[in-house]
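> okay, predicted coordinates and the sequence, questions at the end:
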Amino acid sequence: MELIRDCLDKQLIDRNGRKMGKADGLVMLIEEGKRPRVAFIEVGGVTQARRLHTRLAKLVASLSKRFKVDESDPYRIPWSKVVVSGIDVTVNVDAEETPALAWEKWLRKNVIGKIPGA
Amino acid sequence: MKKALEIALGIVTSVGGFLEIGSITTAAQGGASFRFQLIWAILLGGLCLIFLVEQSGRLAAVSRHTITDAIRERFGFNYFIFLLIILSLVILLVLGAEIGGVCVALEFITGVGFQWWAVPVALLIWLIIWKGTFSFIEDGASILGLVTVCFLVAAIVLHPPWKEVAHGALPTLPASDKAHYWFIVVSILGASISPYLMFFYSSGAVEDKWDESYINANRAISVLGMSFGTVLSVAVLIVSALVYLPRGIQVEHYSQLPLMLIDAFGYWGFILFAASLGIACLGATLEITLEIAYMVAQGFGWNWSENQRPREEARFSLVYTVIIILGALLVVVGIDPLKLTIFSMALTAATLPVAIVPFLFLMNDEAYMHEHRNGFLSNAVVIFIIGMTFVLAVVTIPLEIFGGG
Amino acid sequence: MQKQEVNLELLVGRRVFGLNGKSIGHLEEIQAELIKGECLVTEYLVGAYAVVERLAALSIGRAILKLFGATKKHDGYRVPWDKLDLTDPERPRLLCSVDELKTLAGE
Amino acid sequence: MPVMLNETERSCAKNIRLRLLLLILLASLAACSSQSPADKLHKELRTVVSWAATSRMVGEALQNGKVLQGYAARTFEAAGRNLQEESRTIDKSADIPAEERAGAQAQIARLEQIVGQLKSMVEGKDNAALSQQVEQLKVEEQSLKSSLRGDSSQP
């Protein structure tokens, strides 16, 4: 399997078929004398920003802290829950429970939900 | 039977949704300044659009992913952000021009200044998207858009010299005013090869849940729909050449536009033009607002669909709400809609490579297209279009200075 | 036993330096295999060729790259996982000489 | 294997070619747009004729009830504004001979005056006065067009 071509930036789909972001980052763990292994998929604004510029990442991190919306940005999905299939990546979690949808839920409750007919 | 109906609907929506303030204004300017000489530019733009729309639809049908999805997934986050920033800014200007188009049409009818209409129109657009489903918006706006067929009827009623019209289909050089000639060519190409149309078409294919069985339907819809649409653009140019050129009227201000159909239909021509412009621009505004929101949502992998309630896609709904406000601001500030249109069409032409280059790779990507990858002809056309758009990108800015609208 | 984390999305595109300090190309892809549910890295792909691989455009990509004369002297390398030192992820270094590496073109 | 230019030589050769191409392109665009004073005056007068013709078309359409009054009033206003602008641009372009400038500005002033009249008549039902103004506008327009055709080679 080719990690960048088949996994990085791919669409993440949870166990109910709901979209929960794209694979923004891949965390590889290196241990002495053992083969490096991909331990987590990272999802979140900080990971995305870090790919653009480290200073941007600090800014996004401070912003999300001040808004106290997404405490655990970036959210790390353990590889054990991941299945790479075709051009998507299915994740054996329920998206609603994960921090990946933190901003979605915050907006739903405080902004969009308040507008009639939402 | 269901597929035949969908094909018919697809063609109807492509025709109804084709004309908007960009294609109407650039075709009108072309006719008023150079008679039938610029028909070739509209045909060239239309041909390129047919290929690109067909490919966008095929990618969506085979991979269930849209063009923006594939660009992020294949070219990575950095290229996606680069594309998003550039295209959103350009398309936002086009959105401002389209909202301006609706407001100007209301000014023609009511006599009340177009700036006053910006906020009510923005509210109407927001309400339609907030409450409506994708098919309601796409089919509703485009079927109403069929009123723009009146340009074709007008062109026929005015008995143009068809031989000379046919001659216009061949590229010829103007005797005078070269810079202005090539600037209009660039804005015509910018108006017809509009990235938002292709991206919206691929998003629509995913919303309508197309799959491999839709490939032939997709080909029929893109070829027939876009061809009829291009014919309408040519009709606008013909009418403009027959009405404005003899009188020496150069299309430089939006108030000159509604005079176009008076020779053909008298008072009803005036009303028909206002209705066509208003409805066509409203349809385009809905498409553009949704498309920018789709691009953001697809790029970041959010849940997106116009068929879901806003609650289930809070970020997607927030994005299109903000976009409508920004678009309306451009009109409230009082920027002249015609100048904004010409400028945004030229800017679209200048930024085409960013949106078109990915096609070459995505349409030949085995993981996405399986056995429906591009044939030799499609690839050759895409390479030609990429070459042309790079030339456009280089010449547009200098042309804007020397031959500006 | 010291554990190190490396973000692959930041590693991609970095120049890889040989023993002599000269760059042998950009790191473009990481190949891995699934063994008992774990995703273990097998090798790193370096050089312009690998970009084409990642773009998976196959024939068209290679043709375009050749058209623009981008085929540098070599077509890219396969670097086994234990031959790449990632202590400093910003400057990946080879732990063996270049000619020991298999090239990509051989495929 | 043909002798391969190394990476840097080939890319800087490409750069020179690119810069050369850009230069030629810009030069050719600049050349075809350098306007002699006659051309500039001609271009401005063409815009003046365009607005005169627009106002006449709206005036005639108003007479036969082919346009709404609100629209007509706004278009006459826009015409007046743009004619003033043209007059100012001609006034500012010093390279046009003085008496040609004065002649053009006088014509524009007359047009402005007629368009102002037309604007005030939009609500009124006085069709006779309206058609009289439209006639006058037609005369002015013809004289402008003939002077344009007279001194210029372009069609």
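All right, it came through fine.
> just the pLDDT for residue 79.
Picking chain A for this. Listed pLDDT for residue A:79 reads 93.
> that's the other chain; I wanted chain C
With respect to pLDDT, residue C:79 has a value of 90.
> confirm for me that it is in contact with residue C:46.
Yes - using Cβ atoms under 8 Å, residue C:79 is in contact with residue C:46, at 5.8 Å. C-beta coordinates here come from the backbone N, C-alpha and C atoms, glycine included.
> give me the common contacts of the two.
residue C:16 (Cβ atoms under 8 Å, 6 or more residues apart in numbering or on different chains).
> how many neighbouring residues does residue C:81 have?
Residues lying near residue C:81 (other Cβ atoms under 10 Å in any protein chain shown) number 19.
> nearest the geometric middle of chain A, what residue?
Nearest residue to the geometric centre of chain A (Cα atoms, centre = their mean): residue A:43, 1.5 Å.
> that one and chain C, how far apart?
Per Cβ to the nearest Cβ, to the nearest Å, residue A:43 is found 12 Å from chain C.
> how about that residue, what does it touch?
Residue A:43 neighbours (Cβ under 8 Å, 6+ apart): A:12, A:20, A:21, A:22, A:23, A:24, A:25, A:74, A:75, A:77, A:100.
> which one of those residues is nearest residue D:108?
residue A:22 (60.8 Å; Cβ to Cβ).
> neighbours of the closest one, how many?
25.
> quick one on the thing from earlier: okay, the residue nearest to the centre of chain A: pLDDT?
91.
> what do you get for residue D:27?
Looking at residue D:27, the pLDDT reads 66.
> part of a strand, is residue D:65?
No - assigned with DSSP: H, G, I helix; E, B strand; the rest coil, residue D:65 falls outside any strand and is coil.
> state the pLDDT value of residue B:8.
87.
> an error on my part: the question was meant for residue B:393.
Listed pLDDT for residue B:393 reads 91.
> what does residue B:405 give?
Per-residue pLDDT puts residue B:405 at 49.
> related to what we said a few turns ago, same list (the contacts of residue A:43) but as a markdown table, adding secondary structure.
A markdown table is the format used below for the contacts of residue A:43 (three-state DSSP):
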| residue | secondary structure |
| --- | --- |
| A:12 | strand |
| A:20 | strand |
| A:21 | strand |
| A:22 | strand |
| A:23 | coil |
| A:24 | coil |
| A:25 | strand |
| A:74 | coil |
| A:75 | strand |
| A:77 | strand |
| A:100 | helix |
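> strands of the chain, residue ranges please.
If you meant another chain, say so; for now it's chain A. Secondary structure of chain A (DSSP state E): strands at A:11-13, A:19-22, A:25-31, A:37-43, A:75-78, A:82-85, A:88-91.
> could you do chain C instead?
C:3-7, C:15-17, C:23-35, C:38-46, C:77-80, C:84-85, C:93-94, C:102-103.
> counting by contacts, list what the fifth one packs against.
Strand C:77-80 sits against strand C:38-46, strand C:102-103, with contacts defined as 3 or more Cβ pairs under 8 Å, 6 or more residues apart in numbering or on different chains; DSSP states H and E.
> contacts for it?
Outside strand C:77-80, the residues that reach it (Cβ under 8 Å, 6+ apart) are C:16, C:24-25, C:42-47, C:94, C:98, C:101-104.
> closest to chain B among these?
Of all the contacts of strand C:77-80, residue C:45 has the smallest distance to chain B: 15.5 Å, by Cβ to the nearest Cβ.
> who are the contact partners of that closest one?
By Cβ under 8 Å, 6+ apart, the residues touching residue C:45 are C:27, C:28, C:29, C:30, C:31, C:53, C:76, C:77, C:78, C:79, C:104.
> and it, how far is that from residue C:16?
10 Å (Cβ to Cβ, to the nearest Å).
> same check on residue B:42?
Counting by Cβ to Cβ - residue B:42 and residue C:16 are separated by 51 Å.
> buried stuff in stretch A:26-41?
Within stretch A:26-41, the residues scored as buried using 16 or more other Cβ atoms under 10 Å in any protein chain shown are A:26, A:27, A:28, A:29, A:30, A:36, A:37, A:38, A:39, A:40, A:41.
> where exactly do the helices run in the stretch 301-405 of chain B?
Secondary structure of the stretch 301-405 of chain B by DSSP state H, counting those that start in this stretch: the helices cover B:314-332, B:337-350, B:352-362, B:366-369, B:376-403.
> who has more neighbours out of residue B:42 and residue C:16?
Counting neighbours by other Cβ under 10 Å for residue B:42 and for residue C:16 shows that residue B:42 has the greater number, 28 against 22.
> tell me if I'm right that the more buried one and residue B:27 touch.
Yes - counting by Cβ under 8 Å, residue B:42 does reach residue B:27; the two are 6.4 Å apart.
> who touches both of those two?
B:188, B:233, B:234, B:237.
> residues contacting the last one?
The reference is to residue B:237. Shown in contact with residue B:237 (Cβ under 8 Å, 6+ apart): B:27, B:28, B:30, B:31, B:36, B:38, B:39, B:42.
> how many residues are close by the closest residue to the fifth one other than its chain neighbours?
If you skip the residues right next to it in sequence, residue B:36 has residue B:168 as its closest partner in space, 3.2 Å away by Cβ to Cβ, 6 or more residues apart in numbering or on different chains. Taking other Cβ under 10 Å as the neighbour definition, residue B:168 ends up with a count of 25.
> ok, now how distant is residue B:168 from residue B:182?
16 Å.
> ok, now how distant is residue B:46 from chain D?
Taken as Cβ to the nearest Cβ, the span from residue B:46 to chain D is 27 Å.
> the residue nearest to residue B:36 touches residue B:30, doesn't it?
No - with contact defined as Cβ under 8 Å, residue B:168 does not count as touching residue B:30 (9.6 Å).
> quickly list what's touching both of the two.
Residues touching both residue B:168 and residue B:30 by Cβ under 8 Å, 6+ apart: B:37, B:38.
> quick revisit: closest one to chain D out of the contacts of residue C:45, please.
residue C:76 (15.2 Å).
> picking up where we left off before, export the contacts of residue C:45 to a markdown table and tack on neighbour count and distance to residue D:55?
Shown next, in a markdown table, are these (neighbours: other Cβ atoms under 10 Å in any protein chain shown; distance: Cβ to Cβ, whole Å):
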| residue | neighbour count | distance to residue D:55 |
| --- | --- | --- |
| C:27 | 24 | 68 |
| C:28 | 26 | 65 |
| C:29 | 24 | 67 |
| C:30 | 29 | 71 |
| C:31 | 18 | 73 |
| C:53 | 22 | 66 |
| C:76 | 25 | 69 |
| C:77 | 26 | 74 |
| C:78 | 20 | 76 |
| C:79 | 26 | 76 |
| C:104 | 22 | 71 |
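> run through who's touching stretch B:201-219.
With Cβ under 8 Å, 6+ apart, stretch B:201-219 has contacts from B:3, B:6-7, B:10, B:53-54, B:56-62, B:64-68, B:134-135, B:138, B:222, B:290-291, B:294, B:298, B:305-307, B:372.
> what residues are up against the closest residue to chain D within chain B?
Closest residue of chain B to chain D, Cβ to the nearest Cβ: residue B:111 (1.8 Å). Residues in contact with residue B:111 (Cβ under 8 Å, 6+ apart) are D:68, D:69, D:70, D:71, D:73, D:74.
> can you rerun that using 7 Å?
Contacts here follow Cβ atoms under 7 Å, 6 or more residues apart in numbering or on different chains; on that basis residue B:111 touches D:68, D:70, D:71, D:73, D:74.
> and what of residue C:19?
Counting by Cβ under 7 Å, 6+ apart, residue C:19 touches C:94, C:97.
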